[in-house]
Structures are given as C-alpha cells and as structure tokens.
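Asker: I would like to see how this sequence folds:
(one chain, ligands or ions: 1)
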Amino acid sequence: MAADDPEKVVCIVNPASGVQRRRMIDRRLAVELPEADRWQTRYPGHGVDLGRQAVTDGYRTVVAVGGDGTLSDVANGILAAGGDRVRLGYVPAGTCNDFARGRKPVTDLGDLLDRSRDRRTDVGAVTFSRPDGTSAHRFFLVNCTVGLISVIGLRFTEKTPVNRVLKRINLQLAEAASGARALVGWKPVDVRLELDGERSRHRITNVAVLKVPFFAGGLTFGSVEPPEAGHLDAVQVLGAGRIGVLATMWQVFRGNAARHPAIRRQQVQTLRIDADTPLPLEVDGEIVGYTPAAFSIHPSRLTTVV
Ligand SMILES: Nc1ncnc2c1ncn2[C@@H]1O[C@H](COP(=O)(O)OP(=O)(O)OP(=O)(O)O)[C@@H](O)[C@H]1O
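Answerer: Residues are numbered from 1 along each chain as shown. Okay, here's the model as predicted:
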C-alpha cells in the first residue's frame, strides 16, 4: 500500500488474547481483510507502542484484534501519537470483549472499512499512582474499578492453568471462582470521593467508573445503557459484611442489580478517589496502578468502528 493511501489499514493482533479462537481469527483476517497489514503484539503493553507506530507510519485505519485490554493499549498509543483522526477498528477476540457489547460487530471484517459505520466516541482519562509513587496517566474506553472488583479482576486475569481451564468451561464459573478467592479476607474500605467537585466520604465495597455499561464479560450494575455523551457512569457499591457482599454479587451475576439498595449510580464528568491505604486500580481489564486516582472524560475524542 502507498504511504498516504487513504485506505491504509493495519491490524494489531494480540496472540495472547482470549481463550481459544486464534486460528479462526487469523483465517478471517487473511480472507476478509486481505489489504490490511498485520502486526502482532509480543509482550504486555506492546499494543501501545504499535498504536503509536501506526500513526507515525500514516495508517488511516488501525484495527485492534483481541480483548478490551488490547483495544485499550492500541487506543492509548494512537492518542499519545496525536492520532485523534485515525479510525480505530475493533475485532472482539478476547475473553470479555465488553467494548463491543451492545454494538453489532461486523459479520465480514471487510466492513470495518465502511465509513458509514464510524462512531464518534468519548474517551475516558485517568491519572493514578504507580507502585513507586510516581504519577501516571492512561486513556480508557471500557471501564475502571477500584475495590473488590479490581481485586477479583487481579485474580481473574492471572494466566494460571486453573483459570484457563475454568474460562474454557464457562466464563461465569471462572469469575465466580475468582470472586470467591478475592472475598476471603476482604473488608469494606473508607474512601474519599469527589464527584464533579463535590466531596464526600464513604465505606465502600467498590467504585466503578463506566464508559460502557458492561464489565467482566457482560455483567452489569443493572443498566445496559451507556452514560450520556460527555459523561462517565460512577457506580458505588456500598460497604457491607461478607454475606452482604455475596448477596450483592449474586444479584449482579443474575443481572438483577437495578435498584439494589447498596448500589448508587451517578453520571459525572470528573471523579476523584483516595483511600488511606492505596487500592488497586483496574483500567480496561488490567491492573495498572493504585489510588489516588482522578477520572475525566474527553468527548468525541476518537472515531471507532466495530
Ligand atoms: N504477546 C503478548 N503476550 C502476553 N501478553 C500480551 C501480549 N500482547 C499483549 N499482551 C497483553 O495481554 C493483555 C490482555 O489482553 P486482552 O485484554 O486483549 O485479552 P483478554 O484479557 O483475553 O480479553 P478481555 O480484556 O476482553 O477480557 C493486555 O493487557 C496486553 O497488554
């Protein structure tokens, strides 16, 4: 393809995503998107470097092939390189694929080149602490969590043989097993919150900051609607004893979390969370650092196609 070809396309494929569909995805890319160049990520976070490289090399459409973590890595690379005008395509080939839920992914990957499918997409941003105490910044497209769910996420994303087997058998079973392990020794935590500048203190089980309504492979906090344009959905799960947490988790697993008394939802443009003991922060399915964390939203910052 010529360097400034308007249809110059590259697929960035994470071979470590998902649990079983690798060869099928490779075949589909070769047959349905033969004009696209194909790059593979070689290590965690490599998608960020390749996303940046794709912008530098003049690609107009960059297709992330993998899970939410791969999409997030590639989006971060594109945005870091100032590629706001690049189209970001997504082929859901990961474990959870929550970004694509509620959107109708193309049946023929060639349709990712159809500009009538483009959608201007808000991008979340979070500033947080690295383990060494320095500050870091990341964009997100799916969600962030602080609290019990980030601890469960830590367990769920561990690439252990038991996790792999459980995920192959049933995603919900794997989540339930990770939840049970995380719950052992869990206590509610006191946090300081700032929602659109308004400060409050709460004892919480979890705080989620959602760009899409789904997490952990299609679970919801009772709504399948995304936040309004230019907003984030801040969902607090208030603190409770282990039995109370189990009861809430059970309702979430069953899809019955709407109007649950322990769940509070508010649409915000900014949110800050801090705790005396730093809590792990999960961003788009990966643990990236710790609180304090400050979230904001960049309206219509990217064009995505699914
Ligand atoms: N070659 C690689 N080997 C190991 N890890 C990789 C490699 N390339 C990328 N990664 C990392 O793998 C992580 C998980 O990828 P991804 O999220 O796409 O898959 P998943 O966890 O199966 O899907 P989902 O996030 O939808 O559950 C990402 O954080 C990414 O940085």
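
Asker: what residues are up against the residue nearest to Glu35 when sequence neighbours are not counted?
Answerer: For Glu35, ignoring the flanking residues on the chain, the nearest one in space by Cβ to Cβ, 6 or more residues apart in numbering is Val9 at 6.3 Å. Backbone N, C-alpha and C define where each C-beta goes, glycine included. Counting by Cβ atoms under 8 Å, 6 or more residues apart in numbering, Val9 makes contact with 1, 33, 35-37, 59-63, 89, 113.

Asker: now the helices for the chain?
Answerer: Using DSSP state H, the helices of the chain run over 22-32, 46-56, 68-80, 148-157, 161-169, 171-183, 242-253.

Asker: what residues sit buried inside the first one?
Answerer: For helix 22-32, the neighbour count (16 or more other Cβ atoms under 10 Å) marks 25-26, 28-29, 32 as buried.

Asker: look up how far Leu219 lies from Trp39.
Answerer: From Trp39 over to Leu219 the distance is 32 Å, taken as Cβ to Cβ, to the nearest Å.

Asker: same question for Pro44.
Answerer: 24 Å.

Asker: between these two, which is the more surrounded one?
Answerer: Leu219 (20 against 12; other Cβ atoms under 10 Å).

Asker: if you skip the residues just before and after it, what's nearest to that one?
Answerer: Leu219 sits nearest to Val252 (Cβ to Cβ, 6+ apart), 5.7 Å away.

Asker: looking at that neighbour now. What's its pLDDT?
Answerer: For Val252, the pLDDT comes out at 84.

Asker: quick check, the residue in the stretch 51-200 of the chain closest to the ligand?
Answerer: Taking Cβ to the nearest ligand atom as the measure, the point where the stretch 51-200 of the chain comes nearest the ligand is Gly67, at 1.9 Å.

Asker: ok, that residue - contacts?
Answerer: Shown in contact with Gly67 (Cβ under 8 Å, 6+ apart): 14, 17-18, 92-97, 285.

Asker: repeat that with 10 Å
Answerer: 14, 16-19, 90, 92-100, 142, 157, 217, 284-286 (Cβ atoms under 10 Å, 6 or more residues apart in numbering).

Asker: and the ligand, which of those residues contact it?
Answerer: Filtering those for proximity to the ligand by Cβ under 6 Å from any ligand atom leaves 14, 16-18, 94-97, 285-286.

Asker: and the helices of the chain, which is most packed in?
Answerer: Most buried of those, by mean neighbour count (mean count of other Cβ atoms under 10 Å): helix 68-80, with a mean of 27.

Asker: contacts only, for Arg265.
Answerer: Residues in contact with Arg265, defined by Cβ under 10 Å, 6+ apart, are 208, 210, 221-223, 227, 233-236, 257-258.

Asker: look up the pLDDT of it for me, please.
Answerer: We have a pLDDT of 93 for Arg265.

Asker: do Lys187 as well
Answerer: Lys187 is given a pLDDT of 87.

Asker: burial count for it?
Answerer: The burial count assigned to Lys187 is 11, neighbours taken as other Cβ under 10 Å.

Asker: now Val106. Nearest residue, chain neighbours left out?
Answerer: That would be Leu112: by Cβ to Cβ, 6+ apart, it lies 5.8 Å from Val106.

Asker: next: Pro278.
Answerer: Closest residue in space to Pro278, ignoring its immediate chain neighbours: Tyr290 at 3.8 Å, by Cβ to Cβ, 6+ apart.

Asker: thinking Gly110 is in contact with Leu33, fair?
Answerer: Yes: here Gly110 reaches Leu33: they are 5.9 Å apart, a contact under Cβ atoms under 10 Å.

Asker: around the ligand, pick out the residues from this structure.
Answerer: Taking Cβ under 6 Å from any ligand atom as the contact definition, the chain meets the ligand at 14-18, 41-47, 66-70, 73, 94-97, 285-286.

Asker: ok, Gly110 and Leu33, which is more surrounded?
Answerer: Legend: neighbour count by other Cβ under 10 Å for Gly110 and Leu33, higher for Leu33 (23 against 14).

Asker: how many neighbours does the closest residue to the more buried one other than its chain neighbours have?
Answerer: What sits nearest to Leu33 in space, not counting adjacent residues and going by Cβ to Cβ, 6+ apart, is Leu109, at 4.7 Å. Applying other Cβ under 10 Å, we find 22 other residues in the vicinity of Leu109.

Asker: just Ala16 next, same as before
Answerer: 18.

Asker: now do it, the pLDDT please.
Answerer: Note for Ala16: predicted pLDDT of 89.

Asker: quick one: mean pLDDT over the strand ranked longest in the chain.
Answerer: If each strand of the chain is counted by residues according to DSSP state E, the longest one is strand 286-305. In this model, strand 286-305 carries a mean pLDDT of 94.
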